[in-house]
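>>> Sequence first, then the predicted structure:
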Amino acid sequence: MLELAATFTDVAYGPEIRRLGRTLRKWAEPIAAWHASRATNGPVEAIIIWSPISGVVDVADEAA
């Protein structure tokens, strides 16, 4: 992953590809961890509460 990121950050590529390379370098560890375990912390970061009356309610709305 880091080798690919280093390749994409080369000045021979356009700005979009270099940005992709920088993003891959920053996210290399979480991406590799996901592919190794197929686990994510997404449910922890975006908890949604189901309310039978009003449907899906964001936690931020519940605290207000």
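That came through fine. Residues are numbered from 1 along each chain as shown.
>>> Nearest residue to Phe8 in space, please, no chain neighbours.
Gly21 (2.9 Å; CB to CB, 6 or more residues apart in numbering). Every residue, glycine included, has its C-beta placed from N, CA and C.
>>> That neighbour belongs to a helix, doesn't it?
Yes - looking at Gly21 with DSSP: H, G, I helix; E, B strand; the rest coil, it is inside a helix.
>>> need the helices for this protein, in chain order.
Assigned by DSSP state H, the chain shows helices spanning 2-8, 15-37, 42-45, 59-63.
>>> quick one: average pLDDT of the first one?
The predicted model assigns helix 2-8 a mean pLDDT of 91.
>>> Show me which parts of it are buried, residue by residue.
5, 8 (16 or more other CB atoms under 10 Å).
>>> what do you get for the second one?
The neighbour-count criterion (16+ other CB under 10 Å) identifies 20-21, 24-25 as the buried residues of helix 15-37.
>>> Mind giving me the packing neighbours of that helix?
helix 2-8 (3 or more CB pairs under 8 Å, 6 or more residues apart in numbering; DSSP states H and E).
>>> Name the surrounding residues that touch the helix it packs on.
Helix 2-8 has contacts (CB atoms under 8 Å, 6 or more residues apart in numbering) with 17-18, 20-22, 24-25, 28.
>>> ok, now with 6 Å
Helix 2-8 has contacts (CB atoms under 6 Å, 6 or more residues apart in numbering) with 17, 20-21, 24-25, 28.
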